[in-house]
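A.B. asks: got a structure for you, letters missing:
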């Protein structure tokens, strides 16, 4: 930093002024501001959450308020409007604030009330990203990443300017806040930040084309009238998770990829797709590591719910489709084959034995039937592109057969007519996608079919050794 004009001593130009308080521009300014705000909130009766230091909870006289802090952007909610307005007045007496009214937009996330509850899209953020990359008018695709071919480290030639690749993928990472359907694709693309190639960039553009077709999609929060939820009292809210892993899915390192989706009631609240750091020697080991990572995230959510004053009626449940990993969580079997696993993964056993959570096995019986439409959409895209280039007619004939089963029609027509028909076909596919989502929600409400639920978020991991010889996540 340098001194403002008029403060420099002509006789001692190297001298500086001593600051009496933090000001904008100092590296310690955000921390100093947080401590100042935190001190005021604690004096006002709020309690700082141990699980999330940006969350403050007020509970007194039967009323509850929650305050979420991101630097100088605040979200305040409570069960009594008079109490909320009263605290806003108190806050305004201490700090200069601007009341923006009901929450409609926060840090790039829109809040849209609808008949189903609340929709959390990032349409404005996506549009800015598409405009920056000049992809707003690109042809749409209906899946975020193709099932084949798989990305590899040295596929394609090196980019002359890798900065744009890193900027776009970094922007896509922030989009994961409300878009679990692109979690695997973004995770995969993030693995090549150090040496992106033309092939990697083509996959980024493919993902941007998918965002064009799903720009209005977001995280839908569904209310449930059957659930009784009151702060600092017992509730009927359930917490459950679905964990999976593909064994040796990466063709460069043969590491596995872990993925999980955690649901609070009917709504997803946390999800992840992440490559494991070391090679797993068996599918059971890969699944076991994934369950352990899911348990760690579940612990955090349980602590957060406790700070919010919400008590769960029963312990959380993790659904895993590997029977060996499920048994290993409660009973140290397979010792000779699992003794090399890092000790920190074994904390899942303590969680199960103390009753903090439960690991249950779920089958994959519904997996293929649920994913049929997704595969047909991908086949349709490949067949249409091949036909437009005058090749792949045999594949196109098969695609037309699949399309007719879905109610689509294919006929000779001009390019304008073809575009109109293509959009109509896309709407048909979207309607099938919505039907699939309703089916998946029904399956989850019944307490099984967790792997099918993961396929809804495109986080389903399938060991496709019969097709490709290597596991693949899509």
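C.D. replies: Great, that's in hand. Please read all numbers here as calculations on a predicted model, not as lab measurements. Numbering: from 1, shown residues only.
A.B. asks: Could I get the phi/psi values of the residue most central in space within the chain?
C.D. replies: Closest residue to the average C-alpha location of the chain: residue 180 at 3.7 Å, with C-alpha atoms, centre = their mean. Note on residue 180: its backbone torsions stand at phi -70, psi -20 [degrees, to the nearest 10].
A.B. asks: does it really touch residue 268, like I thought?
C.D. replies: Yes - Residue 180 lies in contact with residue 268 (C-beta atoms under 8 Å); the separation is 6.2 Å. Where you see a C-beta, it was placed from the backbone N, CA and C, and this is true even at glycine.
A.B. asks: quick one on the thing from earlier: what pLDDT does the model give the residue nearest to the centre of the chain?
C.D. replies: Note for residue 180: predicted pLDDT of 92.
A.B. asks: where's it relative to residue 123, distance?
C.D. replies: 17 Å (C-beta to C-beta, to the nearest Å).
A.B. asks: Then residue 40?
C.D. replies: To residue 123, residue 40 is 35 Å away according to C-beta to C-beta.
A.B. asks: hang on, residue 4 in a helix?
C.D. replies: No - assessed with DSSP: H, G, I helix; E, B strand; the rest coil, residue 4 is coil; it does not lie in a helix.
A.B. asks: Can you get me a residue count around it?
C.D. replies: Counted with other C-beta atoms under 10 Å, the neighbours of residue 4 add up to 8.
A.B. asks: show me what contacts residue 57?
C.D. replies: Contact analysis of residue 57 by C-beta atoms under 8 Å, 6 or more residues apart in numbering lists 46-47, 49, 64-67, 307-309.
A.B. asks: For the buried ones among those residues, write the corresponding ChimeraX selection.
C.D. replies: Provided next is the ChimeraX selection string for whichever of the contacts of residue 57 are buried by 16 or more other C-beta atoms under 10 Å:
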select :46,49,64,65,66,67,307,308,309
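A.B. asks: Between the contacts of residue 57, which sits nearest residue 339?
C.D. replies: Minimum distance to residue 339 across the contacts of residue 57 is 37.6 Å, recorded for residue 307 (C-beta to C-beta).
A.B. asks: Look up phi and psi at the most far-flung residue of the chain relative to its centre.
C.D. replies: Going by C-alpha atoms, centre = their mean, the residue of the chain most distant from its centre is residue 11, 58.7 Å out. Backbone torsions for residue 11, taken as degrees, to the nearest 10, come to phi -80, psi -30.
A.B. asks: tell me the domain boundaries of this structure?
C.D. replies: For the chain, automatic domain parsing gives the domain ranges 29-101, 120-218, 234-366, 368-448.
A.B. asks: which of the ones you listed sits most buried?
C.D. replies: domain 234-366 (a mean of 19; mean count of other C-beta atoms under 10 Å).
A.B. asks: show me where pLDDT drops low in the stretch 251-400 of the chain?
C.D. replies: Within the stretch 251-400 of the chain, the stretches with pLDDT under 70 are 333-337, 342, 344, 363-400.
A.B. asks: Which residue ranges of it form helices?
C.D. replies: 283-307, 323-330, 335-338, 347-353, 367-370, 372-388, 393-405 (DSSP state H, counting those that start in this stretch).
A.B. asks: and the end-to-end length of stretch 147-165?
C.D. replies: 21 Å (C-alpha to C-alpha, to the nearest Å).
A.B. asks: and that stretch, how far from the chain's centre?
C.D. replies: 23 Å (C-alpha atoms, centre = their mean, to the nearest Å).
A.B. asks: Okay, now the unreliable bits of the stretch 101-250 of the chain?
C.D. replies: In the stretch 101-250 of the chain, residues with pLDDT under 70: 225-236.
A.B. asks: quick one: the strands in it?
C.D. replies: 105-106, 109-110, 112-114, 117-121, 218-221, 233-234, 239-246 (DSSP state E, counting those that start in this stretch).
A.B. asks: For residue 82, which of those strands is the nearest?
C.D. replies: Closest among the strands of the stretch 101-250 of the chain, using C-beta to C-beta: strand 233-234, at 21.0 Å.
A.B. asks: what's residue 302 in contact with, if anything?
C.D. replies: 239, 312, 316, 356.
A.B. asks: does residue 251 really touch residue 152, like I thought?
C.D. replies: Yes - in this structure residue 251 lies within contact range of residue 152 using C-beta under 8 Å: 5.5 Å.
A.B. asks: host element of residue 64?
C.D. replies: strand 63-70 (DSSP states H and E).
A.B. asks: Quick one: mean pLDDT over the helix or strand following that strand.
C.D. replies: Next helix or strand after strand 63-70 toward the C-terminus (DSSP H and E): strand 73-78. Per-region confidence: strand 73-78 scores 94 on mean pLDDT.
A.B. asks: helices and strands around strand 73-78, which ones?
C.D. replies: strand 63-70, helix 81-94 (3 or more C-beta pairs under 8 Å, 6 or more residues apart in numbering; DSSP states H and E).
A.B. asks: Neighbouring strands - and their directions - for it?
C.D. replies: strand 63-70 (antiparallel) (DSSP bridges).
A.B. asks: by how many degrees do the partner strand and helix 81-94 diverge?
C.D. replies: Strand 63-70 runs at 40 degrees relative to helix 81-94, counting by axes from the mean of the first three to the mean of the last three C-alpha atoms, to 10 degrees.
A.B. asks: quick one: average confidence on strand 63-70?
C.D. replies: Per-residue pLDDT over strand 63-70 has a mean of 94.
A.B. asks: Show me how far it is from its chain's centre.
C.D. replies: Using C-alpha atoms, centre = their mean, the offset of strand 63-70 from its chain centre is 23 Å.
A.B. asks: between the helices and strands packed on strand 73-78, which gets nearest to residue 147?
C.D. replies: Across those, closest to residue 147 is strand 63-70 (C-beta to C-beta), at 37.7 Å.
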